[in-house]
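> Next comes the sequence, and after it the predicted model I'd like to discuss.
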Amino acid sequence: MIAALIMCLLIALIGLGMPIAFTLAVCGALGLYLEVGLSPMLSVLQTTPYRTAASFLLSTVPLFILMAELLARGSIVRNLYRACYLWMGHIRGGLALAAIAASVGFAVLSGSSTAAAAAMSRISMPEMRRYGYSESFALGVIAVGGTLSIMIPPSLPLILYGVLTETSIGRLFLAGILPGALTAGFYVITIIIQVRRNPEIAPPTEKYSWSERFSSIPGTSPAIVLVLLVLGGIYSGAITATEAAAVGAAGAFVISVLVGGLRWSGIKEAFSATLTTTSMIFAIIIGAMIFGYFLAVTQVPQQLVVWVGELPLPSWMILLIIIALYLVLGFFIDQIAIIILTLPLIFPLVLSLGYDPIWFGIILTKTVEMGLVTPPLGLNVFVACGATNTRVEDGFRGVTPFLLGDLVVLALLIFFPSIATFLPSLM
Amino acid sequence: MQFFEQILKLCENAIMIVGGICLFLLMAVIVCDAGGRYFFNAPISGVYEISEFYLMIAIVFLGLARTQRLKAHVRVELVLERLPVSVARMLEVVFLLATIVVFACITYVTARNGWNNIVLNRWTTGVVAIPTGPSWLIVALGSGVFTVRLVFDTLCIILGRPPSDGFSALTKGSHASEARP
């Protein structure tokens, strides 16, 4: 009874606009107080925030965010984009294709989609404007390109998923590679189809000489060095994922300062943005942990698993309902918050239905990618429009064709789980 | 009120700078540890403990208050934006008061525990022993300043003053990149 009331209160408060982190903490504390009394509640409030933050594994989160923020402010990504457009700018829609290619590059370097969208807006939007690309088309490309960062490893949502569900982060990263490549492929196809149908959205640009093209290659070497350091380090077994995050952040720092034109003001901005994001994410994790104690006391997750198990529905139907739920939540709530909020309830359920935890992590990340660009709360679209001073409506309009491709990829991942599980199974 | 706000901002910024330094240190010590182990077969002992008990704690808690000042804590603004201003304000006060109660509790119990650990002179029992008391006090400091910020924001709303340099994450997209991953 108390559990049901507290759950209703949680949903009502989140819906009314109370910050999610605090709603979780307040409802969890209230629930614990009602269920077990004041002193057990205070002991949860004493240890949970401390124990949650004092986690070596979770130090990956601020470090990968820092790496992305540093890269977004130096010229490493700019050089990457330049190389891409010198090589493919002359094709119809080439600047858009180059933006997707550079986004893939940024995705391999970082795990933060809003940092990717912010960086690509600053870098690729001026070029696309210069050649008269349609504004909404360009915004769509930038916003969806940014979402690649969280599917292609390293990835912030996958790290959180791994930590919260005790699934191997290394295997999750491997599992994200093919779905990420598939997603990028569908974005390329979407661009080509759109440009075929409406050539005026992407006027042709000049063709560059071979010498110009080859001269752009040395500029990409810092990016390649960083990729080798981070991913090479993880998969050769030389360093752990946490150490890779630190090495990546340090590498991005050193390279951006030495050759990437990063100055003191940029460094300050990067550190302050990282701290803000980190506090925000950890506040939600801490709130969810407090609420998790309350759930554990009331045995709600176990009862839910039993209840759903007795439903006269096949397990694939329940899975589809769960996926639909994530897509709907993604319209309204921040993606990181959704993952942390729902996993304690949903993950045991998915396991009890007999699905692969690695595969489910990838499905979840795919729904997160889509949630980042769907209205009314599509963070990547806000970032792209905010950074380029354009209208949010144009951004959402530009994203729509790409969402169709995303839906196809999601369906493919559901019906052919081996796209995600094949690479980790080789490990 | 104005004077109080200046002092609060000063505190928030000061502890955030400490958090930033800790973030830099976290990066540096982990790289040195990994590099030492890989190249010279000489890992630095104590990195794990220092990172967990001090650096991560500082990074997470010392930025809480400033994140609140920037209104960067994630929320669903769909309904709130459509409510009459007076109702929205009343709700906001209720939200803030509930949060104040919980974080005041967190501040009190972590400060009490930190103080006890210092009085009892407790140290970790690892390869490298470090005192545990001060790290609890970092949690108390971060949560304490955060609680004061919440109280200040509540007073602002009740007195009808505009909040500090807060912004709505939904209306100013350019700031969103600062605020979220």
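Received the coordinates, thanks.
> Ramachandran coordinates for the nearest residue in space to A:L24 that is not next to it in sequence?
Closest residue in space to A:L24, ignoring its immediate chain neighbours: A:G287 at 3.1 Å, by CB to CB, 6 or more residues apart in numbering or on different chains. Every residue, glycine included, has its C-beta placed from N, CA and C. Backbone torsions of A:G287, given as degrees, to the nearest 10, read phi -60, psi -40.
> Let's see the pLDDT reported for A:G287.
Model confidence at A:G287, given as pLDDT, is 90.
> Look through chain B and tell me its longest helix.
helix B:2-40 (DSSP state H).
> who does that helix touch, helix- and strand-wise?
Counting contacts by 3 or more CB pairs under 8 Å, 6 or more residues apart in numbering or on different chains; DSSP states H and E, helix B:2-40 is packed against helix A:60-73, helix A:241-258, helix A:264-298, helix B:47-50, helix B:57-61, helix B:64-69, helix B:133-159.
> Same list (these) but as CSV, adding distance to A:L319.
CSV is the format used below for these (distance: least, CB to CB, whole Å):
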stretch, distance to A:L319
helix A:60-73, 28
helix A:241-258, 28
helix A:264-298, 22
helix B:47-50, 39
helix B:57-61, 34
helix B:64-69, 36
helix B:133-159, 39
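> export the ones you listed to JSON lines and tack on distance to B:G36 and mean neighbour count?
Output for those, formatted as JSON lines (distance: least, CB to CB, whole Å; neighbours: other CB atoms under 10 Å in any protein chain shown):
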{"stretch": "helix A:60-73", "distance to B:G36": "18", "mean neighbour count": "30"}
{"stretch": "helix A:241-258", "distance to B:G36": "11", "mean neighbour count": "24"}
{"stretch": "helix A:264-298", "distance to B:G36": "25", "mean neighbour count": "23"}
{"stretch": "helix B:47-50", "distance to B:G36": "9", "mean neighbour count": "20"}
{"stretch": "helix B:57-61", "distance to B:G36": "22", "mean neighbour count": "29"}
{"stretch": "helix B:64-69", "distance to B:G36": "33", "mean neighbour count": "27"}
{"stretch": "helix B:133-159", "distance to B:G36": "24", "mean neighbour count": "21"}
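> quick one, which of those helices is nearest to A:G31?
Smallest distance to A:G31 across the helices and strands packed on helix B:2-40 (CB to CB): 3.9 Å, for helix A:264-298.
> Which positions in the helix or strand just after that closest one come out as buried?
Next helix or strand after helix A:264-298 toward the C-terminus (DSSP states H and E): helix A:300-310. By 16 or more other CB atoms under 10 Å in any protein chain shown, the buried positions in helix A:300-310 come out as A:300-301, A:304-305, A:308.
> By mean pLDDT, which helix or strand of chain B comes out lowest?
When each helix and strand of chain B is scored by mean pLDDT, DSSP states H and E, helix B:173-179 comes last, with a mean of 37.
> burial of the residue of chain A found nearest chain B, as a residue count?
Of all residues in chain A, A:G386 sits closest to chain B, at 2.6 Å by CB to the nearest CB. For A:G386, the tally of surrounding residues (other CB atoms under 10 Å in any protein chain shown) stands at 21.
> what do you get for A:E206?
Residues near A:E206, counting by other CB under 10 Å: 7.
> again with A:N198
11.
> so who does the nearest residue to it once chain neighbours are set aside touch?
Closest residue to A:N198 apart from its sequence neighbours, by CB to CB, 6+ apart: A:S134 at 7.8 Å. By CB atoms under 8 Å, 6 or more residues apart in numbering or on different chains, A:S134 lies in contact with A:198, A:200-202, A:398.
> For PyMOL, what selects the buried ones among those?
For the buried members of the contacts of A:S134, the matching PyMOL selection, counting by 16+ other CB under 10 Å, is:
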select buried, chain A and resi 201+202+398
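> Among the contacts of A:S134, which pair sits farthest apart?
A:E200 and A:G398 (14.5 Å).
> Wait, A:S155 touches A:F173, no?
Yes. Assessed by CB atoms under 8 Å, A:S155 is found in contact with A:F173 at 6.9 Å.
> quick one: which of the two has more around it?
A count of neighbours by other CB under 10 Å puts A:S155 above the other of A:S155 and A:F173, at 29 against 24.
> Would you list the phi and psi of the more buried one?
Here is the backbone geometry of A:S155 (degrees, to the nearest 10): phi -140, psi 130.
> quick one, what contacts it?
The contact partners of A:S155, by CB under 8 Å, 6+ apart, come to A:111, A:149, A:172-173, A:176, A:365.
> Pick out the lowest-pLDDT one from those residues.
For the contacts of A:S155, the model is least confident at A:G111; its pLDDT is 79.
> wait, is that residue part of a strand?
No. Assessed with DSSP: H, G, I helix; E, B strand; the rest coil, A:G111 is coil; it does not lie in a strand.
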